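would you be able to build a 3D model of this:
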Amino acid sequence: MAQFTKKAIVEAFLELLNEKPLDKITVKEIVDICGINRNTFYYHFEDIRALLTFVIDKEVERVTAKHADVASLEEGFIEAANFALSNKRAVFHIYNSVSREELERYLNSIAEEVVRRVAEGLETAGDVPELDRELIIHFYKCGLSGMVLGWVGEGMKADPEQMIRSLGALLEGSISAAMEKGRQRAGKKKQ
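Numbers count the residues shown, from 1 in each chain. A predicted model of the protein is given here:
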């Protein structure tokens, strides 16, 4: 029953978020849609910001679990972009609110997972110093999430699948090349 109630709260929240800005949504509206009392809402979530964090975390978990292998990571990014398109108004309401950092955290989480899986799946990964490996992951994570934030900021007009596939083709092998340079640097330091 508790999971059913939590799911109903999330669905009501997303419904409202697709209708109005985040800062205009109230707990009262959510509980009225769900037919529950305020205490039930607060049993599951501390406040609306905690609810937003929960929704974003669940979406990150869903996308990364579904696309666990490196070969499907591009598909995972496309799926995340399609989720954004199907909830376009909600994404704009988050993007234009004080909770924009939650959207950025979501994008950073997915981008970091994508890059980390690629980088750590390479043969040379074990030979690259941890600091260099983390720098490479951070650099590409920021690039990917920045690109998506730009796409959102520009109104999500470009076709995300075409954009992601083009970027994948353009960057193919670049993480591997950066990791190889890290491995080479480590070898020179040992000499």
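
please make it C-alpha for all contacts and neighbour counts, starting now.
OK.

okay, buried residues for stretch 54-65 please.
Buried residues in stretch 54-65, counted by 16 or more other CA atoms under 10 Å: 55-56, 59-60, 63-64.

only alpha carbons, please: show that stretch as CSV.
The C-alpha trace of stretch 54-65 is given here as CSV (Å, rounded to 0.1, in the frame of the first residue of the first chain):
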residue,chain,number,x,y,z
PHE,A,54,13.2,11.3,-5.4
VAL,A,55,11.7,11.5,-8.9
ILE,A,56,15.1,12.4,-10.4
ASP,A,57,17.0,9.7,-8.5
LYS,A,58,14.5,7.1,-9.6
GLU,A,59,14.8,8.2,-13.3
VAL,A,60,18.6,8.0,-13.1
GLU,A,61,18.4,4.5,-11.5
ARG,A,62,15.9,3.4,-14.2
VAL,A,63,17.9,4.6,-17.1
THR,A,64,21.3,3.4,-15.9
ALA,A,65,20.0,-0.1,-14.8
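
need the residues that contact that stretch.
Applying CA atoms under 8 Å, 6 or more residues apart in numbering, the external contacts of stretch 54-65 come out as 10, 73, 76, 79-80, 102-103, 106, 109-110, 113.

where in this protein is the helix or strand with the lowest mean pLDDT?
Least confident helix or strand, the chain: helix 73-86 with a mean of 77, by mean pLDDT, DSSP states H and E.
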